[in-house]
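Engineer: Predicted model and sequence below, questions to follow.
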Amino acid sequence: MTRPIDSIIECRGALILGAGVAGLFAALKLSPFPATILAGTRPGISGSSAWAQGGIAAAVGDGDSWQSHAADTMAAGAGLCDRGIANLVAFEAAARIEDLIAYGAPFDRTADGSLALGREAAHSAKRIVHVKGDRAGAEISRVLAERALATPSITLLEGFHAVELALEDGRVCGLFARTGIGAQARLVLFRSPAVVFATGGLGALYAVTTNPLESRGEGLGMAARAGAIVADPEFVQFHPTAIDIGRDPAPLATEALRGEGAILVDEAGRRFMAGVHPDAELAPRDVVARALHSEIAAGHKTFLDCTRAIGGAFAQRFPTVYGACKSAGIDPALQPIPVAPAAHYHMGGISSDPRGRSSLGGLWAVGECAASGLHGANRLASNSLLEAIVFAARAAEDVAATVIARPGHGTPPAPERFAAPAPPHVLRDAMTRLVGLERDEAGLVEALAVIAQVERAGGSEPALLNMTAAAKLVTAAALVRRESRGGHYRSDHPAAAAEARRSFMTLAQAETITQARTDAQSRRAARG
Ligand SMILES: Cc1cc2nc3c(=O)[nH]c(=O)nc-3n(C[C@H](O)[C@H](O)[C@H](O)COP(=O)(O)OP(=O)(O)OC[C@H]3O[C@@H](n4cnc5c(N)ncnc54)[C@H](O)[C@@H]3O)c2cc1C
């Protein structure tokens, strides 16, 4: 017997799940086409968006070009970027930055009034637009939320936790969301002919992460459970310099610090990156993160030393990082900052096309929850906020041009349970230990067994199934990819394969892999 729905809300126009930069920008671009934005947390401070420090990449400086930006994106992506998408995103970047300026984004300027540009790893030019040093995400999120609140075509609803997509005739027709807590919890069906997922990443499925704890792959899991194709899920980026002060999530020391000349050292002050890569601290993120991982595995402590490169200007130039350091009694102007790699960004996601369409009718995906083909095996720094605004604008254009209201007929089956559990520690621990910076076959099979066990223990709670679906897709695709490339490193297959191929996988395929591999492991264990 299915559970009765407490209320049904018919949305005028599009329903956007997520109030980070991708969701807010999509709603603004849709206007005057109506949009309802649902989010778990308050728009303006919601998701990873509000935490972004570096800024947004765009080839807007003298002597720079979108072709050079696209080429850097392709190089970082280690053979897996979609060239057409990289060109399109780099080309449209300048127009989307203009949009943000028009919405009120207070980008830093030089003395002559032009945009001040920073440099980050693996970019061949200074091309990162930023706000108040390291406050790009907070300021852009604030400005977009204020603008959305003042836009009559946009309805903002906070405090709703989506648990399942609603399907009618094989097409997405809305979603089920929980609101309220304990005995006051209610299940609401939101109906809409166009559902846009802007649900962010999955870093918080890992025990060590820079992501807010709401970034736990639920949008990806919901879409996959409804049958959507997922692309490149094995590619998770680990940021090399999370501040290692025992906090969950770990605060970030932005890459811009290394762009300004900060160096990585061990406890004896030895600079170790110079011997690892010609670009030293500005090598691609996966190279720097693995170098730190090796140092830590060899028993060293690792630090980011900003004392010479930034010194006394630290508090004023990087106020967010300064505040995080001071909260742990560290003065980064005078002392090296303890750092370690942490799960940071998901290159994979719901497979999306140039209009942001997923493989499911009625569902679009934009921002970090989507895999547009831009990032390949490794994201170039500050390309993610850019991808979010480029595809939010494209999806908005597509929705406004093509969607016609369809009256709902009947009521899609509702989930029987709708609690909002946190990801169990055993799952987060397994993801960090076994599906992290270094992976191998035995560890990945063990991780699949842990995920299956968490799933069995959780019963049929949809929110938990969304998280385990996301974890299963990452792990199964990592198991199938017997090579090392970009953010995916297999210690048992350390070389890259001759041919670079993207991964496309459904949840049913990930489940078949899980079943086969965990059964084989149980048989081996039984034989002794
Ligand atoms: C510390 C940090 C620093 C970063 N710095 C940069 C940077 O300098 N430049 C850059 O380009 N990128 C940076 N990134 C990455 C970038 O911030 C993200 O990729 C981007 O903000 C993602 O935006 P989004 O709108 O797709 O998702 P988010 O901003 O993560 O928003 C997701 C939204 O979905 C909602 N949501 C999710 N699941 C549910 C659910 N089940 N029910 C209801 N609501 C739900 C959340 O509440 C939230 O509103 C950084 C990331 C972190 C963590």
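Structural biologist: Good, I have the coordinates. Numbers count the residues shown, from 1 in each chain.
Engineer: Quick check: buried residues in the strand or helix carrying residue 519?
Structural biologist: Here residue 519 sits within helix 507-527, counting by DSSP states H and E. Neighbour counts over helix 507-527 (16 or more other Cβ atoms under 10 Å) mark 507, 509-511, 513-514, 517-518 as buried. The C-beta positions use only the backbone N, C-alpha and C, and glycine is treated the same way.
Engineer: Centre of the chain to it, how far?
Structural biologist: Distance of helix 507-527 from the chain centroid (Cα atoms, centre = their mean, to the nearest Å) equals 29 Å.
Engineer: before we move on, what about stretch 110-128?
Structural biologist: 23 Å.
Engineer: quick revisit: which single one of the buried residues of helix 507-527 is nearest to the ligand?
Structural biologist: Checking the buried residues of helix 507-527 against the ligand with Cβ to the nearest ligand atom, the nearest one is residue 507 at 16.6 Å.
Engineer: Tell me how far the closest one lies from residue 233.
Structural biologist: Separation of residue 507 from residue 233 (Cβ to Cβ, to the nearest Å): 10 Å.
Engineer: Residue 239 too?
Structural biologist: Using Cβ to Cβ, we find residue 239 at a distance of 19 Å from residue 233.
Engineer: quick one: which of those two has more around it?
Structural biologist: residue 233 (30 against 26; other Cβ atoms under 10 Å).
Engineer: Secondary structure class of the residue in the stretch 101-250 of the chain that the ligand sits nearest to, three-state.
Structural biologist: Nearest residue of the stretch 101-250 of the chain to the ligand, counting by Cβ to the nearest ligand atom: residue 200, 2.5 Å away. At residue 200 the chain is in coil, as set by DSSP: H, G, I helix; E, B strand; the rest coil.
Engineer: where does it fall, phi/psi-wise?
Structural biologist: phi 80, psi -160 (degrees, to the nearest 10).
Engineer: follow-up on the earlier one: tell me which of the buried residues of helix 507-527 has the lowest pLDDT.
Structural biologist: For these, the minimum pLDDT belongs to residue 518; the value there is 82.
Engineer: That residue is in contact with residue 450, isn't it?
Structural biologist: No: applying Cβ atoms under 8 Å as the test, residue 518 and residue 450 come out as separate, 9.8 Å apart.
Engineer: The stretch 251-400 of the chain: strands as residue ranges?
Structural biologist: 263-266, 302-305, 337-346, 349-351, 363-365, 370-371 (DSSP state E, counting those that start in this stretch).
Engineer: Out of the ones you listed, which is closest to the ligand?
Structural biologist: Nearest to the ligand among the strands of the stretch 251-400 of the chain is strand 337-346; the distance by Cβ to the nearest ligand atom comes to 5.5 Å.
Engineer: and the closest one, what's its mean pLDDT?
Structural biologist: Here the average pLDDT along strand 337-346 is 97.
Engineer: and it, does that touch the ligand?
Structural biologist: Yes: using Cβ under 6 Å from any ligand atom, strand 337-346 reaches the ligand at residue 345.
Engineer: Where does the stretch 351-500 of the chain get nearest to the ligand, residue-wise?
Structural biologist: residue 367 (2.2 Å).
Engineer: What sits closest to that residue if chain neighbours are left out?
Structural biologist: Nearest residue to residue 367 in three dimensions, chain neighbours excluded: residue 22, at 2.7 Å (Cβ to Cβ, 6 or more residues apart in numbering).
Engineer: what residues are up against that neighbour?
Structural biologist: By Cβ atoms under 8 Å, 6 or more residues apart in numbering, the contact list for residue 22 reads 49, 198, 200, 366-368, 388-389, 391-392.
Engineer: is it fair to say it lies in a strand?
Structural biologist: No: counting by three-state DSSP, residue 22 is not found in a strand; it is helix.
Engineer: Distance of it relative to the ligand?
Structural biologist: Residue 22 sits at a distance of 3 Å from the ligand (criterion: Cβ to the nearest ligand atom, to the nearest Å).
Engineer: distance of that residue from residue 369?
Structural biologist: Taken as Cβ to Cβ, the span from residue 22 to residue 369 is 8 Å.
Engineer: Which residues are in contact with each of those two?
Structural biologist: 198, 200.
Engineer: first vs last residue of stretch 39-46, how far apart are they?
Structural biologist: With Cα to Cα, to the nearest Å applied, stretch 39-46 spans 8 Å between its terminal residues.
Engineer: Give the rounded mean pLDDT of stretch 487-501.
Structural biologist: Average pLDDT, stretch 487-501: 97.
Engineer: same thing with stretch 257-277?
Structural biologist: What stretch 257-277 shows for mean pLDDT is 95.
Engineer: Show me what counts as buried in that stretch.
Structural biologist: Quick answer for stretch 257-277 (16+ other Cβ under 10 Å): 257-260, 262-266, 272-273, 276.
Engineer: does the ligand sit close to that stretch?
Structural biologist: No: for stretch 257-277 and the ligand, the contact criterion (Cβ under 6 Å from any ligand atom) is not met; the two come no nearer than 11.2 Å.
Engineer: ok, residues contacting that stretch?
Structural biologist: Stretch 257-277 is contacted by residues 118-121, 128, 240-241, 280-283, 287-288, 291-292, 295, 300-306, 308-310, 318, 321, 336, 339 when judged by Cβ under 8 Å, 6+ apart.
Engineer: at 6 Å instead, please
Structural biologist: Stretch 257-277 has contacts (Cβ atoms under 6 Å, 6 or more residues apart in numbering) with 118-120, 280-283, 287, 291, 295, 300-301, 303-306, 309-310.
Engineer: which ones among those are found in helices?
Structural biologist: Under the assignment DSSP state H, the contacts of stretch 257-277 contribute 287, 291, 295 to helices.
Engineer: Now do the same contact list for the first one.
Structural biologist: The reference is to residue 287. residue 277.
Engineer: mind checking how far it is from the ligand?
Structural biologist: From residue 287 over to the ligand (counting by Cβ to the nearest ligand atom), the distance is 19 Å.
Engineer: Show me what the lowest-mean-pLDDT helix or strand in the chain packs onto, helices and strands only.
Structural biologist: Least confident helix or strand of the chain, by mean pLDDT, DSSP states H and E, is helix 507-527 with a mean of 87. On a contact count with 3 or more Cβ pairs under 6 Å, 6 or more residues apart in numbering; DSSP states H and E, helix 507-527 meets helix 441-457, helix 462-480.
Engineer: can you list the ones you listed in CSV and add mean pLDDT, distance to the ligand and mean neighbour count?
Structural biologist: Output for the helices and strands packed on helix 507-527, formatted as CSV (pLDDT from 0 to 100; distance: least, Cβ to the nearest ligand atom, whole Å; neighbours: other Cβ atoms under 10 Å):
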stretch, mean pLDDT, distance to the ligand, mean neighbour count
helix 441-457, 96, 18, 19
helix 462-480, 97, 7, 26
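Engineer: Switch those helices over to CSV; also include distance to residue 194.
Structural biologist: Output for these, formatted as CSV (distance: least, Cβ to Cβ, whole Å):
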stretch, distance to residue 194
helix 441-457, 31
helix 462-480, 21
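Engineer: Of the ones you listed, give the one that comes closest to residue 95.
Structural biologist: Of all those, helix 462-480 sits nearest to residue 95, with 32.4 Å by Cβ to Cβ.
Engineer: How far away from the center of its chain is that closest one?
Structural biologist: With Cα atoms, centre = their mean, you get 15 Å for helix 462-480.
Engineer: can you state the direction angle for that helix and helix 441-457?
Structural biologist: 160 degrees (axes from the mean of the first three to the mean of the last three Cα atoms, to 10 degrees).
Engineer: Name the SS class of residue 238, please.
Structural biologist: From three-state DSSP, the assignment for residue 238 is strand.
Engineer: which residues are in contact with stretch 387-399?
Structural biologist: By Cβ under 6 Å, 6+ apart, the residues outside stretch 387-399 that reach it are 14, 21-22, 25-26, 29-30, 89, 92, 96, 194, 196, 355-356, 364, 366-367, 372, 374.
Engineer: Nice, that's everything, thank you.
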